[in-house]
Structures are given as C-alpha cells and as structure tokens.
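Peer 1: need a structure here:
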Amino acid sequence: MILSDADILDRLADGDLVVDPLDDPDLQIQPASVDLRLGREFLEFQRTNIPCIHPNSEREVDEYVSETIVEEGEDFILHPGDFVLGTTYERVEIPADLLAHVEGRSSLGRLAVVVHASLPYDEEVFLWTPEEGYGFYEIGDIVENERPAHAVAFDPKTLRVNTHPVTDHITNQTKRIYRVTLESGRQVHVTKDHNLFTLDEHGGVTRIPSEETEGQYVMVPNELPGPRGTETDLDLVSLFDGDDEIVVYASDGLGVAPLDSVPQGSRGHDESRGAAPLSSVTSAQTPANADVACKQSEFRLPRHLEITPEFGWLLGFYIAEGSVRRKQVQFGNTDAELLDRVEAWFDQYETSIYRTERDNGLEVLTVCSALWAKIFDTLAGSGSEKNVPDRAWNWDDGVLESLLEGLLDGDGCRRDDRDTLYTANEALADRTLYLASRLGLLSSAYSRERETYIEPSDVYNTGTEWAIDIAADSHKRGQYVPTPSELLRSLRNEAGLRMTDAAEAMGYASKSSISDVENEAHGSVKRSTLRRFRDAYADEGVDVSRLDQLLDGSVRFEKVTQVERTDRVEPTYDLEVQPQGRTIENFLGGRGGVFLSNTAGLCDPGYRGQITLELSNLGSAPVALTPGMRISQLTFTELKTAADRPYGSDRGSKYQDQDGPQASRIQSDDEFGGDQLERDR
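Peer 2: Next up is the predicted model:
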C-alpha cells in the first residue's frame, strides 16, 4: 500500500518516520509523497587520463570525484552532458515496515533526476515465471498480483542479455502516456520521463528520457536467452486441463479415478472402458501412457506429443495459412509440396485427411478431427487472432527455427538478402520480432493500408497489413551504434597512434575519417566502421574488450523516429530489477522488444541519513540548480510485515547515516574483496 498524505502525516506525528527539517509541510507534502529539497554539497566527476576506474580501488574512486559546496545565494551550474551527485537538504529515517522510493519531480524531468520508469497496465513485458516459463504478461497484472518473475534484461557491464529476478513490484501515480516508435517498427508506451538506454561518449550505458529520444539510437535486444529447461513434449492432459469435452483412456488406474462430477448414468460406461472425463481427474492421476480423445469420438492420440522441428514447422504453417472449425483443421496453399509435408505429418497419427482443388488453383487440405482442431485452437488460436503460443519460448531453438520457416512458407516472401512475413495481425508481427531476436536474426516491421478482394462475398476489404523483414545480416536496420568518441580517442592514444597512423592502419585515405568519428560528426557510427577501429587498435595490443561487447554482445541500437503524446492518462506500473543489489535496472517490453529502465532510487527499511541524488543534464543548455529548491519526491510503500533485518550496521550497510553526497563504496562489497558479508554476519 502506498501511503497517502494523511498516512504520511500520521507516521510523522508518531515519530517512526522522520523527514527533518520539514519546514513547510503544506508545500512539501503532496497527495502521496513528500517533496525533498536540494542541499549545498555536490560531487563532480573529474576528467581523467587513466584508462579506467577499478571499483575495488578506494584511492582511484576518491581521486575521480571532487566536492563543491555552493555558497549562500549562489547556484550550481549543471552543464549539458554533465553528471554529478547531489544531496537532499533533509535527513530521513525510514521505519522497518516502510520502503521509500526517490523520484524526480516531473517539472524537473529534463534533469533526469532519478526518474522513475512507468508503464500503463496493459503494456506487455517479456518475463520468465516459475509456473509458465517464458511468456508475455501485462505489467499491471504482474505488479498488482506481485507475481514472482525473472526479467529479461541486459547487464550494463557486459551487455549480455539474461534473466534476472524481479525484486519489487511498484504502483505509481496516474500519468500521461506517450508512444515511442523506433525505425524498425518496435514500439512502447511509457510516461514521458521514462528512460530508455543509449551510449555515452565513453562507451558506457546511459539513460535518456523518452520525450528526448526522437532521432536518438536506443538499445534493443540482438538476441534473447534460451529456455530455462526445454519443453520437449506437449502434454495434452495439461493443455486441456479440466476440459469436460476431453476424455482420457488407460488400463492402469483411471478406472478408479474420482468420478463424483460425472452424471450417475455415465459412470459405469466410463469405468468399463478404463476412461474418465478430464474434468474429473488431475494430471498427477493420469498415467503417462494414457490416450486422449474428444467425447463421442473414437480417434485417440497419446497423452504426450513430441515437440520436434517438424511439429514446429506445422504450427508455423497453421498460424500463417491454416484455419480451424469445431471438427476440422484446414490448410490452403497453391504449393502442393507444402501440403504433402502437412499430410505426411498427420499420417503418422493415422488421421483422416482429404484434399480438394479450387478453380483459382488453391488446394485445400482438410484434417477431419475434432481433437486436432482443439489442439491447434488451444495452442495458437483461430481466425485473425492466431499467434505464436507463449509456451513456444520454452522450446528448443531448432523447433523455433522451423516454426519461423513454417510462417514464411505459409505467408511469406523469400529474397536473397532477407525474408518477409505478411500478416494483418499486429500481435503476430510483435511475436515475430521477438522470435527473430531469440534466433539472433535482425528484424524490422512496417504497416500499410491494403485493399483485399474477398471472392466468395464479391467485396473489397480495407485493412492494415504488416510486413516483417527478417535477415541474418544487416539490412538497413541495426547497422549503427551511438559513437563512443572518447573511448575511441583514448584507445588510439593508448595505442600511440596519430590520426594519420590510425587512418593508414584502417585503410582510410585521410585522417579526416578518424577525426569525424572522434568528434562525433554524425552522432552514430556504422558497426563495420567500429570494427575497423577495433581491429586496428587490437593489433597494437590495446584492450578493446568494450568494443567487443558493443559489436558482439546481446544488444544493438535502433533509431527512435517518433514520440507521440496519447490521450491516455492512467495509473502506471514498474518492476524493480536489482538482484542482490546489482544495478541491472532494466527489463524488456513493448512491441518487438525495447529495453526499459528501472531507475527509482530506493531507501530500504531502516535507512537513516541524507539521500544522494544522481543529477544529469541531458538537454542542450546549462541549468542552474539552487540549493533549497524542491528537487525530488519521496513516496512510501507499506510492507506486509516489517523487515526482520532492516538496513543498518548489523547488515554492514555502506551508506547508513551518510551526510552529504556519497561516492561509490562498492569496493567494500564482498565480490571486490571487501568485508561487507563478514560485517553482515
């Protein structure tokens, strides 16, 4: 539960929640937050000639920052591109049963002051859950039900994409929703101050508010993690769980299954056949070698169907080209060899099939089986809503490659440099973009209005058609990276090369080719160009590992083409991804997949002290920061139970009782040789 203004006042009066000094409660206490003011102390990050800062070196970290104290009546000027650490004027004490979130004030959103990422309820995110594996979930459902899940996210240090535990579920304020569209057709709905990811000039990951992303290159997945335990067979009992239209048959146990819900007149018949309706038995009660059938049908299938690449192809072909009725599955195509392939697969299960040819050259294959119709409908839907099932993300890559092949064979066009799938189903376009990422393929989508003639009705129908381009190599999309100009300059200097020398080593005619990149003449650089820099500097023995991560990691970059204000004003939601304190702070969502930032600062239960603020100027003009101005908001979430071991000295907490802005103390973490875990005991 998020505390209201009345709740906050009550807790302040009780004394277990402290915000001190709270000089103007009427001004500072908002409907569900407390405004905090800016302090006088700032930590600035120095330009340095050393190649990197080692987190385990306290000396290097200390030398990298310098403190500035603003005199009375003066301002601190934050220049474009600068990043500093500030502090709140107020000191806070958070009781053991509250969790506090630090958010930037919306009126200062252009400063990107610890801005909170927020999505509308129905925006889908790609997660892994213990019950269902990988799938697509509305973020509002995940947050409101606090469902345990792992986010698909990238590690800012390595740029590798993996799964990381969701560590908190957050409900935010009602806000205006914006639509962000990328050049590839990927799209996400977020608040305007929501951060996406790009690169800074040093090759580090940095955030950019969505309202400022137009024309910028932002991060998307180049690949997705494989399944956490592959589903190798389709369990029909689980697929049809509780369906009273399905009957299971076996000779070893089902005859004594609970039949209380079966009409009295049917019990003897079911028992005599070693059968039971699926609505009366559980998956655990059903033998592995059971057969499955529809009621009033003699056609049976084994409980477990092997998920093979050929099954994947058939499912993809059905999604693109098939249809289902209550007792039939139909596949239509002008290529008889494709229908031969369909028929061969069903023949192994001795399924009744017939084929007819129409006057227009279209041949239709009909599978006469209510059970097969139910399987395909349950798995992938019917009509215009057919789509790749969520469970497919738990299948082997070989199966998914064949599924994509089936989609393209059904309703695609193959070219030498790329394949294109056509569909009127936007949801299928979305899943195909994700499918391409899973298989390490480049993809993009675009839509157009198209008029289609419907022959039986003799009418023309106008609708939206989506085209999804898929390629193994770059095809217009995914070729560019935000220019890491300072990183490239420092690598050249470390290699001891002049611009002329570097140009010669890379095969360029003039040093201007090097100068243009180092001076960010175009803001982005082709991956092929970046690889030439990488190879030239590697030949000189320079550590080019960051360039390797940018070129061969699990992420790539796409240009934002449009940021639109929508009419939607609604509650927003967020997921925190900070496993064991690691700053992953992102998750994957939106159409086609865009990495979304989770950037709210946290004050754990039991925290005491001033709060360090991360302040960035992402605009084009200097900003004057005046000590005492309201800079951020503190919201409070009440925990179901108080923390057993709140933040503090008993946990070896590094920032307890901090006074003023505090630089990183990561060197005290156990993984860097510190004694935090020892102190935690």
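
Peer 1: surely Gln633 is in a strand?
Peer 2: Yes - under DSSP: H, G, I helix; E, B strand; the rest coil, Gln633 sits within a strand.

Peer 1: so what's the closest residue to it other than its chain neighbours up against?
Peer 2: Among residues not flanking Gln633 along the chain, Ser33 sits closest, at 4.1 Å (CB to CB, 6 or more residues apart in numbering). For glycine as for every other residue, the C-beta is placed from the backbone atoms N, C-alpha and C. With contact taken as CB atoms under 8 Å, 6 or more residues apart in numbering, Ser33 is in contact with Ile8, Glu103, Gln633, Leu634, Thr635.

Peer 1: between these, which is nearest Gln562?
Peer 2: Distance to Gln562 across the contacts of Ser33 (CB to CB) is lowest for Glu103, with 26.2 Å.

Peer 1: so what pLDDT did the closest one get?
Peer 2: The model reports Glu103 with a pLDDT of 68.

Peer 1: repeat that for Ser280.
Peer 2: Looking at Ser280, the pLDDT reads 79.

Peer 1: ok, so what distance separates it from Asp243?
Peer 2: Noted for Ser280: a distance of 11 Å to Asp243, by CB to CB, to the nearest Å.

Peer 1: more crowded one of these two?
Peer 2: Comparing Ser280 with Asp243 by other CB atoms under 10 Å, the one with more neighbours is Ser280, at 20 against 17.

Peer 1: quick one, phi psi at the more buried one?
Peer 2: phi -110, psi 0 (degrees, to the nearest 10).

Peer 1: Ala288 versus that one, what's the distance?
Peer 2: 19 Å.

Peer 1: repeat that for Ser297.
Peer 2: 22 Å.

Peer 1: go on, Leu98?
Peer 2: 50 Å.

Peer 1: between these two, who's got more neighbours?
Peer 2: Neighbours of Leu98 and Ala288, each counted by other CB under 10 Å, are more numerous for Leu98; the result is 24 against 11.

Peer 1: I'd guessed the more buried one sits against Lys640; true?
Peer 2: No - in this structure Leu98 lies outside contact range of Lys640 using CB atoms under 8 Å: 11.7 Å.

Peer 1: show me the domain layout of this structure.
Peer 2: The chain is divided into the following domains under automatic domain parsing: 5-114+602-680, 119-222+556-599, 233-305, 307-471, 480-552.

Peer 1: most neighbours per residue, which of those domains?
Peer 2: domain 119-222+556-599 (a mean of 20; mean count of other CB atoms under 10 Å).

Peer 1: quick one: that one to chain centroid distance?
Peer 2: Put simply, domain 119-222+556-599 sits 5 Å off its chain's centre (CA atoms, centre = their mean, to the nearest Å).

Peer 1: which of the helices or strands spans Asp516?
Peer 2: Using DSSP states H and E, Asp516 sits in helix 512-518.

Peer 1: next secondary structure element downstream of that helix?
Peer 2: strand 524-526.

Peer 1: list the pairing partners of that following strand within its sheet, with orientation.
Peer 2: strand 480-482 (antiparallel) (DSSP bridges).

Peer 1: what's next to the helix or strand that the partner strand is followed by, contact-wise?
Peer 2: Scanning forward in sequence from strand 480-482 by DSSP H and E, the next helix or strand is helix 485-495. Here helix 485-495 makes contact (CB under 8 Å, 6+ apart) with 51, 201-203, 499, 502, 514, 517-520, 533, 536-537, 540-542, 544, 546-547.

Peer 1: remind me what the next helix or strand after helix 485-495 packs against, helices and strands.
Peer 2: Once helix 485-495 ends, the next helix or strand along the chain (criterion: DSSP H and E) is helix 499-506. Under the contact criterion of 3 or more CB pairs under 8 Å, 6 or more residues apart in numbering; DSSP states H and E, helix 499-506 touches helix 485-495, helix 512-518, helix 527-539.
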